[in-house]
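>>> I would like the atomic coordinates for the input below:
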Amino acid sequence: MIRNLIFDVGDVLVEYRWFEMLTRDYGLSEAEAKRIGGEMFDNEIWVQGLDGGRLSLEEAIHQYELKYPDDVDVMGWFLRNGEQMAVKRPEVWDKVAALKEKGYKIYLLSNYSEELFHVHTKGAKFLDVLDGGVVSYQVHALKPDREIYEILLEKYSLKAEECLFFDDRMDNVEGAKKAGIQAIQVTSREMLNETLDKMLTK
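I've put the predicted structure just below:
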């Protein structure tokens, strides 16, 4: 029986508009935006440094400057204006709150840097209904590694078989399953809303 719902944040509880930031807001071409995004996100500076809680934003910008000196202006602008990246999903938050009232325990499990986590979740109502959570920067561990799932389970004395995890990335979904947690890949905002609605009507 599922008693605990575990949610990722990015592209689950909040929506990311990183591509629109780089194209519409900054003025890059689509090709340039994809290249810059790849350089930033598919990089140990972002993964182990920022999400792993080992670098501050300014330290990361300095590391990017050393590696990509021609692109550091846009990267610095992007990281220093993180509030423009996150889009609220209030109807999802309302459903999460309703599931809490229905008796489910609500947890977070997300890969995030400290600064961007606080910027992207500022004023988010889902924070008010949480029973707990683990964010990667806090524990220096990352999805999809088994360690971070087990940290969450142990911290709150949760049974893996009583948990259902929602994440937009298949590798993170598979990581949860390897830890014994049931998991669903969130492929769209609409799909998530439909899934939560079905749970509310059970």
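>>> pLDDT score for the residue of the chain most remote from its centre?
Residue farthest from the centre of the chain, counting by C-alpha atoms, centre = their mean, is D70 at 28.4 Å. pLDDT, D70: 96.
>>> now it: how far from L57?
Distance of D70 to L57, computed by C-beta to C-beta, to the nearest Å: 20 Å. C-beta: built from backbone N, CA, C; applies to glycine.
>>> what's the answer for L200, then?
Distance, L200 to L57, using C-beta to C-beta: 38 Å.
>>> the two: who's more crowded?
Ranked by neighbour count (other C-beta atoms under 10 Å), L200 and L57 place L57 first, with 18 against 12.
>>> I figured that one hits L79, correct?
Yes: the pair L57 and L79 qualifies as a contact (C-beta atoms under 8 Å) at a distance of 5.1 Å.
>>> any common contacting residues for those two?
By C-beta atoms under 8 Å, 6 or more residues apart in numbering, L57 and L79 have these common neighbours: L116.
>>> which residue ranges form the strands in this structure?
4-7, 14-16, 86-88, 105-110, 132-135, 163-167, 182-185 (DSSP state E).
>>> can the ones you listed go into JSON lines with extra columns for mean neighbour count, mean pLDDT and distance to K34?
Below are the strands of the chain laid out as JSON lines (neighbours: other C-beta atoms under 10 Å; pLDDT from 0 to 100; distance: least, C-beta to C-beta, whole Å):
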{"stretch": "strand 4-7", "mean neighbour count": "22", "mean pLDDT": "99", "distance to K34": "28"}
{"stretch": "strand 14-16", "mean neighbour count": "17", "mean pLDDT": "95", "distance to K34": "14"}
{"stretch": "strand 86-88", "mean neighbour count": "16", "mean pLDDT": "94", "distance to K34": "20"}
{"stretch": "strand 105-110", "mean neighbour count": "22", "mean pLDDT": "99", "distance to K34": "24"}
{"stretch": "strand 132-135", "mean neighbour count": "19", "mean pLDDT": "99", "distance to K34": "27"}
{"stretch": "strand 163-167", "mean neighbour count": "24", "mean pLDDT": "99", "distance to K34": "23"}
{"stretch": "strand 182-185", "mean neighbour count": "16", "mean pLDDT": "98", "distance to K34": "22"}
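>>> alright, that wraps it up for me.
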